[in-house]
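>>> Sequence and predicted model, in that order:
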Amino acid sequence: MKIGILAFQGGVIEHINVTKKATQILSINCKVIPVKYKGQFSDLDGLIIPGGESTVLHKLCEREGIFDEIKKVKNIFGTCAGAIMLAKNVNQGLPDQKTLELMDIELARNAYGPQTESFEQDVETKLGKFHAIFIRAPKITKIGKNIEVLAKNNKEIIACEEIGDRYYLATSFHPELTTTKFHERFLLKCKD
């Protein structure tokens with residue numbers, strides 16, 4: 001199996017390390033590689049889009065001409081800004097901001113406030129209870145009918161997935177900093 005980590009900005013190294021750790025936990029033979037250029041996406045079993053700044057991600061993907069290649073990857077996991085990249089709709093986005101428009105979710109960018117309002121808390125999820133870190137996090141404000149919610153923060157959705165012939169997982173927090181559970185789930189879906 002081959003998993004790519006979009007390597008423009010954000011927690012690239014953290015995602016590489018936690019994905020490798022998840023492969024060890026699951027005893028899956030998997031190559032985990034950084035990707036960011038044309039031609040690197042066609043043979044991926046899955047792609048992880050780290051957090052960072054969604055407008056910058058959009059511009060870098062556009063500069064490298066990889067939007068169409070990314071859209072062809074069957075399994076994609078986006079954290080924070082990566083979740084914004086997956087969303088069909090983004091509130092408070094810039095007028096010319098482009099997303100992959102793959103997942104039937106709507107998000108509000110920087111919904112919890114500026115960087116100084118970032119926070120940590122324990123959350124209950126369908127994958128267990130763990131510590132979550134929110135850094136200038138988006139809120140998932142609407143979900144489509146094929147979306148399964150994996151976790152909530154009070155009434156706010158913080159993680160969800162879409163299952164069909166493709167698999168998308170989006171989190172508004174940074175699981176790569178505290179747990180392997182979401183990466184494990186993603187790898188198992190990529191393996192199916």
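Now that the structure is in, tell me what you want to look at. What you see is a predicted model, and the numbers here were worked out from it, not measured in a lab.

>>> CA atoms for contacts and neighbours, from now on please.
OK.

>>> Give the buried residues for the longest helix along the chain.
What stands out as the longest helix in the chain, according to DSSP state H, is helix 12-26. Buried residues in helix 12-26, counted by 16 or more other Cα atoms under 10 Å: 12, 15-16, 18-20, 22-23.

>>> same deal with stretch 141-150?
Buried residues in stretch 141-150 (16+ other Cα under 10 Å): 141, 143, 147, 149-150.

>>> so how far is the first residue of that stretch from its last?
This stretch, stretch 141-150, spans 14 Å end to end (Cα to Cα, to the nearest Å).

>>> on that earlier part again, now do the longest helix of the chain, average pLDDT.
For helix 12-26, mean pLDDT rounds to 98.

>>> just checking, next helix/strand downstream of that helix?
strand 31-35 (DSSP states H and E).

>>> Which residues does that following strand contact?
For strand 31-35, the external contacting residues (Cα atoms under 8 Å, 6 or more residues apart in numbering) are 1-7, 12, 16, 19-20, 41.

>>> what about the strands in this protein?
2-6, 31-35, 46-49, 75-79, 87-91, 103-108, 119-125, 128-134, 139-143, 147-153, 156-163, 167-171 (DSSP state E).

>>> ok, the shortest one: who's next to it in the sheet?
It refers to strand 46-49. Strands that pair with strand 46-49, judged by DSSP bridges, come out as strand 2-6 (parallel), strand 75-79 (parallel).

>>> Could I get these in a markdown table, plus columns for distance to T171, mean pLDDT and mean neighbour count?
Output for the strands paired with strand 46-49, formatted as a markdown table (distance: least, Cα to Cα, whole Å; pLDDT from 0 to 100; neighbours: other Cα atoms under 10 Å):
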| stretch | distance to T171 | mean pLDDT | mean neighbour count |
| --- | --- | --- | --- |
| strand 2-6 | 15 | 98 | 23 |
| strand 75-79 | 5 | 96 | 26 |
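
>>> So for this structure, the centremost residue is which one?
Nearest residue to the geometric centre of the chain (Cα atoms, centre = their mean): G78, 1.0 Å.

>>> partners of that residue in the sheet?
Beta bridges link G78 to I49, A170, judged by DSSP bridges.

>>> for it, what are its contacts?
In this structure, G78 makes contact with 48-51, 84-86, 168-171, judged by Cα under 8 Å, 6+ apart.

>>> Please pick the buried ones from these.
By neighbour count, with 16+ other Cα under 10 Å, the contacts of G78 hold 48-51, 84-86, 168-171 as buried.

>>> mind showing which ranges of this protein have poor pLDDT?
92-96, 110-115 (pLDDT under 70).

>>> Let's see that with 50 instead.
Applying pLDDT under 50 to the chain flags no residue at all.

>>> Can you report how many residues lie near the closest residue to G144 other than its chain neighbours?
Nearest residue to G144, sequence neighbours excluded (Cα to Cα, 6 or more residues apart in numbering): D104, at 5.1 Å. D104: 18 surrounding residues under other Cα atoms under 10 Å.
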